[in-house]
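Participant: Okay, predicted coordinates and the sequence, questions at the end:
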Amino acid sequence: MVYLISCQEKTVSNDNHFRIEKKEILYNDKKIYLGMPIEEFIQSINSEYRVAKYSLNERTDKSWSWKDGGEAYLNDNGKIKYFNININNDALEKEYNSIEEIVKKVGQYENFKEKKVPSEESIFYVWDKLGFNVAVHDNTVGQINMYPIHYTKRNIEYKLRTAGPPKAKSDVYIEIDDKTNVENYKVMLERQPKTEFKGKFTYDGRTADFSKIGYTGWNTMVKDLDIAGSSYDPPGDSKGWGRKIWLNYDNCLIDIKRYNNDNESTGSPSKDKVGKIDGVQAIEIWRFTEEDRK
């Protein structure tokens with residue numbers, strides 16, 4: 001895991017406004033687009049930024065499947081995780097040291113797949129003061145992401161377990177034995193902007209002002225942008241948990257994700273810590289394929 005951080009000092013604009021209108025994407029008054037050279041995008045933003053890089057080594061993915069719905073896959077820690085979509089059995093659904101251990105418990109598997117995955121590097125340009133980042137592919141803009149709710153309000157930090165008696169569950173972090181989760185948390189946090197997106201987002205002449213919407217303003221955002229109705233529903237059974245704007249030009253998708261902490265999971269901070277949240281987790285602008293619509 002490698003972090004390379006680079007900063008460029010520039011003047012922060014008084015405005016922070018993304019607009020989608022007249023078949024164009026604009027930042028303040030400057031046209032931007034997916035696939036543009038990142039250096040041109042930087043000039044359009046004209047504000048301080050940093051670069052976060054994460055390198056993944058070449059790896060081999062391994063997975064096994066059983067006729068009864070059981071599946072297993074090789075984790076980064078070298079252990080094999082088993083689960084079954086038809087059976088809820090905590091005694092079986094856990095990590096094992098080898099596939100032989102699993103076979104002794106549930107029987108011989110039906111299929112085995114092995115795939116080599118080449119090394120890759122993910123690169124994010126991060127505008128900490130403005131609350132957004134950009135995923136960069138081949139030195140061009142691949143995806144633009146705005147974050148009105150900070151990562152730490154949705155995810156508890158993972159820390160390696162320390163010696164001594166077990167500590168009580170914390171609203172700040174979870175102690176675990178697997179360092180992979182710790183590393184993944186750090187990677188995700190590093191690519192996130194340090195402050196939340198408090199700018200404006202305009203679609204088809206209607207504007208949502210995130211300096212006013214706050215952590216419980218999901219419905220306010222939907223009303224402000226006038227994106228209610230089935231044409232903005234995400235595919236599948238997740239209606240109400242996101243809004244999607246499919247643009248016919250440039251295969252551009254605006255994916256607006258919702259976060260609600262009514263049902264707290266073990267990996268999220270409690271309401272006592274962060275308060276009630278029902279707001280916009282992220283606005284992501286990226287290219288889609290027809291397969292993404294399904």
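Facilitator: That came through fine.
Participant: Residue 247 touches residue 24, doesn't it?
Facilitator: No: at 10.3 Å, residue 247 and residue 24 do not qualify as touching, with contact defined as Cβ atoms under 8 Å. C-beta coordinates here come from the backbone N, C-alpha and C atoms, glycine included.
Participant: These two: which has the busier surroundings?
Facilitator: More neighbours sit around residue 247 than around the other of residue 247 and residue 24, counting by other Cβ atoms under 10 Å; the figures are 16 against 12.
Participant: So for the worst-scoring helix or strand of the chain on mean pLDDT, what gets flagged as buried?
Facilitator: The least trusted helix or strand in the chain, going by mean pLDDT, DSSP states H and E, turns out to be strand 173-176, with a mean of 83. With burial defined by 16 or more other Cβ atoms under 10 Å, the residues of strand 173-176 counted as buried are residue 174.
Participant: before we move on, what about stretch 39-57?
Facilitator: Buried residues in stretch 39-57, counting neighbours by 16+ other Cβ under 10 Å, are found at 41, 42, 44, 45, 47, 48, 49, 50, 51, 52, 53, 54.
Participant: Same check on stretch 160-174?
Facilitator: Burial within stretch 160-174, assessed by neighbour count using 16+ other Cβ under 10 Å, is assigned to residue 174.
Participant: for this structure, what's the longest helix?
Facilitator: Scanning the chain for the longest helix, with DSSP state H as the assignment, gives helix 179-191.
Participant: What is the subsequent helix or strand relative to that helix?
Facilitator: Towards the C-terminus, the helix or strand next in line after helix 179-191, according to DSSP states H and E, is strand 200-203.
Participant: re the thing from before, tell me which entries of the buried residues of stretch 39-57 lie within helices.
Facilitator: Using DSSP H, 41, 42, 44, 45 are the members of these that sit in helices.
Participant: which residues in the stretch 51-200 of the chain form helices?
Facilitator: If DSSP state H, counting those that start in this stretch is used as the criterion, the helices of the stretch 51-200 of the chain fall at 99-106, 179-191.
Participant: pull the CA atoms of the last one into CSV?
Facilitator: Right, the one you point to is helix 179-191. Extracted in CSV, the C-alpha atoms of helix 179-191 (Å, rounded to 0.1, in the frame of the first residue of the first chain):
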residue,chain,number,x,y,z
LYS,A,179,-5.0,-5.9,9.3
THR,A,180,-6.6,-5.9,5.8
ASN,A,181,-9.7,-4.1,7.1
VAL,A,182,-7.4,-1.6,8.8
GLU,A,183,-5.5,-0.9,5.6
ASN,A,184,-8.7,-0.7,3.5
TYR,A,185,-10.2,1.8,5.9
LYS,A,186,-7.1,4.0,5.6
VAL,A,187,-7.2,3.8,1.8
MET,A,188,-10.8,4.9,1.7
LEU,A,189,-10.3,7.7,4.2
GLU,A,190,-7.2,8.9,2.3
ARG,A,191,-9.1,9.3,-1.0
